[in-house]
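Any chance you could fold what I've pasted below:
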Amino acid sequence: MRRIMIIVAVLSLVVLMVPAILFLTGRMELATAKWIMLVATILWFAAGTPWLWKQTG
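Model (predicted):
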């Protein structure tokens with residue numbers, strides 16, 4: 001399960017960068033880029049938080 005979360009977290013970071021690049025090159029509208037980046041951000045927090053969470057004790 002941890003490996004799947006790592007993969008999802010890393011892929012969501014890649015997805016965060018792609019719309020920004022496509023918008024800057026003029027190949028994507030701003031509204032579309034915002035929605036894709038919002039979904040990718042939610043995925044990052046859902047998968048990245050448990051992955052990076054360290055239990056002490």
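
tell me the contacts of the nearest residue to residue 18 once chain neighbours are set aside?
Of all residues not flanking residue 18 in the chain, residue 36 sits nearest, at 7.9 Å (C-beta to C-beta, 6 or more residues apart in numbering). Placement of C-beta: from N, CA and C, glycine included. Contact partners of residue 36, counting by C-beta atoms under 8 Å, 6 or more residues apart in numbering, are 15, 18-19.

same thing with residue 2?
Neighbouring residues of residue 2 by C-beta under 8 Å, 6+ apart: residue 51.

now whichever strand or helix holds residue 44: mean pLDDT?
Element membership for residue 44 (DSSP states H and E) is helix 30-52. If you average the pLDDT over helix 30-52, you get 93.

Now do the one helix or strand residue 12 maps to against helix 30-52, angle only.
Using DSSP H and E, residue 12 sits in helix 2-24. Put simply, helix 2-24 runs at 160 degrees to helix 30-52, going by axes from the mean of the first three to the mean of the last three C-alpha atoms, to 10 degrees.

tell me the mean pLDDT for helix 2-24?
The average of the pLDDT scores along helix 2-24 is 93.

So what's the gap between it and the chain middle?
4 Å (C-alpha atoms, centre = their mean, to the nearest Å).

mind listing what's buried in that helix?
Of all the residues in helix 2-24, those buried under the rule 16 or more other C-beta atoms under 10 Å are 5, 8-9, 12, 15-16, 19, 23.

Alpha carbons of stretch 16-26, as PDB, please.
Extracted in PDB, the C-alpha atoms of stretch 16-26 (Å, rounded to 0.1, in the frame of the first residue of the first chain):
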ATOM      1  CA  LEU A  16       0.900  19.600 -11.300                       C
ATOM      2  CA  MET A  17       3.700  20.800 -13.600                       C
ATOM      3  CA  VAL A  18       2.300  19.700 -16.900                       C
ATOM      4  CA  PRO A  19      -0.800  22.100 -17.000                       C
ATOM      5  CA  ALA A  20       1.400  25.000 -16.000                       C
ATOM      6  CA  ILE A  21       3.800  24.300 -18.900                       C
ATOM      7  CA  LEU A  22       1.000  23.800 -21.300                       C
ATOM      8  CA  PHE A  23      -0.700  27.000 -20.300                       C
ATOM      9  CA  LEU A  24       2.600  29.000 -20.600                       C
ATOM     10  CA  THR A  25       3.100  27.600 -24.100                       C
ATOM     11  CA  GLY A  26      -0.500  28.600 -25.100                       C
END
